[in-house]
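A.B. asks: any chance you can model this:
(chains A and B, ligands or ions: 4)
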Protein chains: 2
Amino acid sequence: MTFAAPITVPVALGDRSYDILIGRGLLAAAGAEIASRMPKARVAIVTDENLARLHLPTLAASLDAAGIGHVPVVVPPGESTKSFSHFEAVVRAILAGRLERGDLVLALGGGVVGDLAGFAAAVARRGMRFVQLPTSLLAQVDSSVGGKTGINTPEGKNLVGAFHQPDLVLADTGLLDTLSPREFRAGYAEVAKYGLIDDPAFFAWLEENWRGIFAGGPEREHAVAVSCRAKAAVVARDEKETGDRALLNLGHTFGHALEAATGYSDRLVHGEGVAIGMVLAHDFSARMNLCSPDDGRRVKAHLAAVGLPTTLGEIAGGLPDADRLMALIAQDKKVTRGTLTFILTRGVGEAFIARDVPPEAVRGFLAERLEEV
Amino acid sequence: MTFAAPITVPVALGDRSYDILIGRGLLAAAGAEIASRMPKARVAIVTDENLARLHLPTLAASLDAAGIGHVPVVVPPGESTKSFSHFEAVVRAILAGRLERGDLVLALGGGVVGDLAGFAAAVARRGMRFVQLPTSLLAQVDSSVGGKTGINTPEGKNLVGAFHQPDLVLADTGLLDTLSPREFRAGYAEVAKYGLIDDPAFFAWLEENWRGIFAGGPEREHAVAVSCRAKAAVVARDEKETGDRALLNLGHTFGHALEAATGYSDRLVHGEGVAIGMVLAHDFSARMNLCSPDDGRRVKAHLAAVGLPTTLGEIAGGLPDADRLMALIAQDKKVTRGTLTFILTRGVGEAFIARDVPPEAVRGFLAERLEEV
Ligand SMILES: NC(=O)c1ccc[n+]([C@@H]2O[C@H](COP(=O)([O-])OP(=O)(O)OC[C@H]3O[C@@H](n4cnc5c(N)ncnc54)[C@H](O)[C@@H]3O)[C@@H](O)[C@H]2O)c1
Ligand SMILES: NC(=O)c1ccc[n+]([C@@H]2O[C@H](COP(=O)([O-])OP(=O)(O)OC[C@H]3O[C@@H](n4cnc5c(N)ncnc54)[C@H](O)[C@@H]3O)[C@@H](O)[C@H]2O)c1
Ligand SMILES: [Zn+2]
Ligand SMILES: [Zn+2]
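C.D. replies: Numbering: from 1, shown residues only, chains lettered A, B, ... in the order given. Ligands and ions are numbered 1, 2, ... in the order given. Sure thing, here's the model as predicted:
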């Protein structure tokens, strides 16, 4: 098979800079890409059972062909794998594989595998090289870019981890063909988010071209590349999330509260919470007279068109009341010394960080929306 | 009580620079020091049961007086506390204490507590501020300087961890009065090491003044300050241990093998292994015609004078043969792609990194020394 040349998105982080390659066929080319960039390195491949079945053989063959030694480390699929016990198991498997500091950890999987493997790479031998081979749309446009890694504990999601930049990201868009439609749509919510943050032209392009992304046309590589570029630009400005990296949380404050309210279950996957949260963020911004109600309607229409939920009413099972949702919002880790931070917007592609949103206004807005359910 | 003003040793690491304060009475002054440098921060105090009994009340009173909120996290004393399970417990206790990213983790203890608490600080909320209050001589002159943190696994010692620089180190030399004589001597081996690496005048000063250090005279603060300055200079040149930070391993390649051979037990504590290892490093260097046999005799005489072991014969119980010791040396993590690295010397204060020492020469030297036992 021959494929179009991959798109390269550079991530500029000084001496931690690296490239993201985007295109079909990169899994089979992984051995050659790694051999040319990191000669002599051996590889621990961290992956989950689904990917091990579907795509590990291709990767292993590619590494073999390039003469790269490798050991597989397979974990169960699912968010509950981002735990201390799996973290310990992965770290110890890397050490037991006798990998040295110049060797590398490769994540073949979605955000769960990427976050877990990246954290393991950050601490095994106090920091090993790391390559991401993201296999879900969410991982290709979001979690594999930016260097955040981590696990969950009973105290909260993603509260334990490290900033550890990869040395290389290979986003093989062909792998998305085996992703479930629901997971694909969930990842698409993050793609749309980049348009809504600061790129109205991209959002308009998505409104026209989303079918090509889902169908696997060249629109897919373009959308992944625009998304990676957008996230990389934010990350380059604010690597450790002390400032405007917070813009990436558009829709996430509401979304996280809804995920928590539904027990992080199948009832609502992350991207679905983000979709509803982005519509709520636009509607709430209109309520605060920051943008027009038409903006919220437009966002809602597009997300609904691709099949994402956009209203509280679409969440199966009951939701808690506004007070409880507010408590969940206040628990969100982006709270700094008691003041709430929200990402609001002046219109499509004009999001901004609002640090002093009155909590009563949010509570009243949510109470109203819950009544409509 | 009034004390002499503390000595300040700056550690120059760009935007991660910080100060080490050295002097008597710093424990009682900790609240004021922290309040002036990190206003409003709350503190998780990680300590072991021995320090909790002896010195935690003074620290707690000092923080209370400065209006700083604090939660204690107490672990058992001893090397086995540097484990994944205690690591998880400490991280979760920090999160359960609801500390935020600007709050800080404080280590009150020896190297075990410092390494464990520092690693927890590196990963809780993807990195919290960190203050060291080292209480053993080894911690004051070595482990609290340089930002290496970590834990042990069955695969090896210190193979899991992070580079996480503290924001402040308070070395209260008065706390060393409660340290056991054996632990004090073990820490002293590391002090002597700084003279042997590149400061012959300091080594000569130690030969004259060591009694004041043990007795708690002003020589103690001077020796801690010279040691911290020496380590800080190496760390500033090579923060992530890719180059001449390896000099700090003088005596450690032999020492680690002896620690492993004695099961990391009471038979030989780390500093004792280092003392014997430094004598072996000088003797082996003389054998290689790099320095004079007199250098080894001088090092041995001084270390023996303070009560440290200096020969294999002083290790209680049997030792394995030279082949087994060589295997332990080869397993040491400072092995890079199969070649052994040794720190050798051209004389007192003239250590250097030797990358191509013939393994047979080392084996022959060890076999001879074992026969003398
Ligand atoms: N580090 C970051 O910056 C960041 C950003 C956003 C999200 N995240 C994290 O990402 C995680 C979610 O990632 P996700 O949505 O990729 O979930 P996931 O990794 O659980 O993948 C979803 C499911 O799809 C399967 N799958 C993945 N790729 C496949 C493929 N090509 N073919 C068939 N099946 C495939 C997986 O086995 C899994 O069952 C969360 O834990 C979240 O916290 C991290
Ligand atoms: N991070 C680094 O760069 C670095 C460098 C060297 C060593 N280390 C690590 O340091 C550890 C050894 O440190 P250590 O020798 O301080 O051991 P330690 O922390 O176990 O302390 C030794 C014993 O002395 C007790 N103690 C400490 N201070 C006391 C005091 N003031 N009064 C009474 N008792 C006191 C402790 O409770 C413990 O029982 C090892 O795990 C080693 O790997 C780390
Ligand atoms: Zn998201
Ligand atoms: Zn040492």
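A.B. asks: toward the C-terminus, what is the element adjacent to the lengthiest helix in chain A?
C.D. replies: Of all the segments assigned as helix in chain A under DSSP state H, the longest by residue count is helix A:218-237. As assigned by DSSP states H and E, the chain's next helix or strand after helix A:218-237 is helix A:252-261.
A.B. asks: pull out the buried residues from the helix or strand hosting residue A:90.
C.D. replies: Using DSSP H and E, residue A:90 sits in helix A:84-96. Using 16 or more other C-beta atoms under 10 Å in any protein chain shown as the test for burial, helix A:84-96 gives A:84, A:86-95. Any C-beta I mention is one placed from the backbone N, CA and C, and that applies to glycine too.
A.B. asks: and those as a markdown table, adding pLDDT and distance to ligand 1?
C.D. replies: Converted to a markdown table, the buried residues of helix A:84-96 look like this (pLDDT from 0 to 100; distance: C-beta to the nearest ligand atom, whole Å):
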| residue | pLDDT | distance to ligand 1 |
| --- | --- | --- |
| A:84 | 98 | 15 |
| A:86 | 98 | 12 |
| A:87 | 98 | 13 |
| A:88 | 98 | 18 |
| A:89 | 98 | 17 |
| A:90 | 98 | 14 |
| A:91 | 98 | 18 |
| A:92 | 98 | 21 |
| A:93 | 98 | 18 |
| A:94 | 97 | 19 |
| A:95 | 96 | 23 |
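A.B. asks: ok, of those residues, which one's closest to residue B:294?
C.D. replies: residue A:95 (42.6 Å; C-beta to C-beta).
A.B. asks: show me the contacts for that closest one.
C.D. replies: A:124-125, B:153, B:155-156, B:159-160 (C-beta atoms under 8 Å, 6 or more residues apart in numbering or on different chains).
A.B. asks: hmm, stretch A:228-240 in reach of chain B?
C.D. replies: Yes: for stretch A:228-240, a contact with chain B is found by C-beta under 8 Å from any C-beta of the partner chain, at residue A:240.
A.B. asks: stretch A:6-15 vs ligand 1: in contact?
C.D. replies: No: using C-beta under 6 Å from any ligand atom, stretch A:6-15 stays clear of ligand 1, coming no nearer than 12.9 Å.
A.B. asks: what's the average pLDDT for that stretch?
C.D. replies: For stretch A:6-15, mean pLDDT rounds to 92.
A.B. asks: likewise stretch A:182-189?
C.D. replies: Per-residue scores along stretch A:182-189 average to 98.
A.B. asks: so what touches that stretch?
C.D. replies: Counting by C-beta under 8 Å, 6+ apart, A:110, A:136-142, A:176, A:179, A:210, A:213-214, A:251, A:269-272, A:274-275, A:278, A:303, A:306-308 sit against stretch A:182-189.
A.B. asks: pLDDT weak spots in chain A?
C.D. replies: Scanning chain A for pLDDT under 70 picks out A:1-2, A:332-339.
A.B. asks: check the spacing between residue A:164 and residue B:30 real quick.
C.D. replies: Going from residue A:164 to residue B:30 by C-beta to C-beta, to the nearest Å gives 32 Å.
A.B. asks: give me the more crowded residue out of these two.
C.D. replies: Set residue A:164 next to residue B:30 and count neighbours by other C-beta atoms under 10 Å in any protein chain shown: residue B:30 wins out with 28 against 24.
A.B. asks: got a list of what that one touches?
C.D. replies: So, once contact is read as C-beta under 8 Å, 6+ apart, residue B:30 ends up touching B:59, B:62-63, B:106, B:133, B:170.
A.B. asks: again, but for residue A:205
C.D. replies: By C-beta under 8 Å, 6+ apart, the neighbours of residue A:205 are residue A:195.
A.B. asks: in the helix or strand it falls within, what counts as buried?
C.D. replies: Here residue A:205, judged by DSSP H and E, is contained in helix A:200-215. Residues A:202-203, A:205-206, A:210, A:213-214 are the ones in helix A:200-215 that count as buried (16+ other C-beta under 10 Å).
A.B. asks: ok, for the residue in the stretch 101-250 of chain A that chain B sits nearest to, nearest residue in space, not its chain neighbours?
C.D. replies: Nearest to chain B in the stretch 101-250 of chain A, going by C-beta to the nearest C-beta, is residue A:155, at a distance of 3.9 Å. In space, and not counting its chain neighbours, residue A:155 is closest to residue B:95: 3.9 Å by C-beta to C-beta, 6 or more residues apart in numbering or on different chains.
A.B. asks: sorry, back to before: closest to ligand 2 among the contacts of residue B:30?
C.D. replies: Closest approach between those and ligand 2, by C-beta to the nearest ligand atom: residue B:133, at 10.0 Å.
A.B. asks: which residues touch the residue of the stretch 151-300 of chain A at minimum distance from ligand 1?
C.D. replies: Among the residues of the stretch 151-300 of chain A, residue A:178 lies nearest to ligand 1; the distance is 3.5 Å by C-beta to the nearest ligand atom. Contacts for residue A:178 (C-beta under 8 Å, 6+ apart) come out as A:54-55.
A.B. asks: so does the strand ranked longest in chain A get close to ligand 1?
C.D. replies: As assigned by DSSP state E, the longest strand anywhere in chain A is strand A:156-163. Yes: using C-beta under 6 Å from any ligand atom, strand A:156-163 reaches ligand 1 at residue A:158.
A.B. asks: alright, that wraps it up for me.
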